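Peer 1: Got a sequence here, can you build the structure:
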Amino acid sequence: MLGERLKEQRLGKKLRQEDVATKIGIARTTYAMYEQNKREPDNETLQKLADFFDVQIDYLLGRTTDPSPSAQKDKPVNRAFLELPDDISEEEKEFLQAQLDLQLEIFRKLKEKNSKQ
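Peer 2: So this is what the prediction gives:
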């Protein structure tokens, strides 16, 4: 999904891969691999791409269909995820996401239970 969204945004702005890569400070070949889904950007680069295209990271990742930027990145939880170390493994990312999902599910169930009382 990321590759398709990057390409869609780039073409929508009538830019070349080289243009985007230069603006965010990476090699054109690296950016091309992102568009081809052959490589994933680190958190910092993903944020630069979202900022450059003026869209949400979640939009680039296919988690939302709304490309408009939001104040979400200013919330502490979102900031914490954006500031994860670059050397964090995929396994660690998946673990953190699973923990967050679990906590969110627990919170929602508690909230629903409390609203019924």
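Peer 1: What is the burial count for residue 40?
Peer 2: For residue 40, the count of nearby residues is 13 (other Cβ atoms under 10 Å). The way it works is simple: take the backbone N, C-alpha and C, and place the C-beta from them, glycine included.
Peer 1: Apologies, that question was intended for residue 55.
Peer 2: Neighbour number of residue 55 under other Cβ under 10 Å is 21.
Peer 1: got it, and residue 24?
Peer 2: Neighbour count for residue 24, taken as other Cβ under 10 Å: 18.
Peer 1: repeat for residue 112
Peer 2: Counted with other Cβ under 10 Å, the neighbours of residue 112 add up to 9.
Peer 1: and the longest helix that the chain contains, which residues are buried?
Peer 2: With secondary structure taken from DSSP state H, the chain has its longest helix at helix 90-116. Neighbour counts over helix 90-116 (16 or more other Cβ atoms under 10 Å) mark no residue as buried.
Peer 1: give me the low-pLDDT residue ranges for the protein?
Peer 2: Low-confidence segments of the chain, defined by pLDDT under 70: 69-84, 117.
Peer 1: repeat that for 80
Peer 2: Residues of the chain meeting the criterion pLDDT under 80: 66-86, 93, 115-117.
Peer 1: what about the residue lying closest to residue 58 once chain neighbours are set aside, how many neighbours?
Peer 2: Excluding the flanking residues, the one nearest residue 58 by Cβ to Cβ, 6 or more residues apart in numbering is residue 64, at 4.5 Å. The number of residues packed near residue 64 is 15, by other Cβ under 10 Å.
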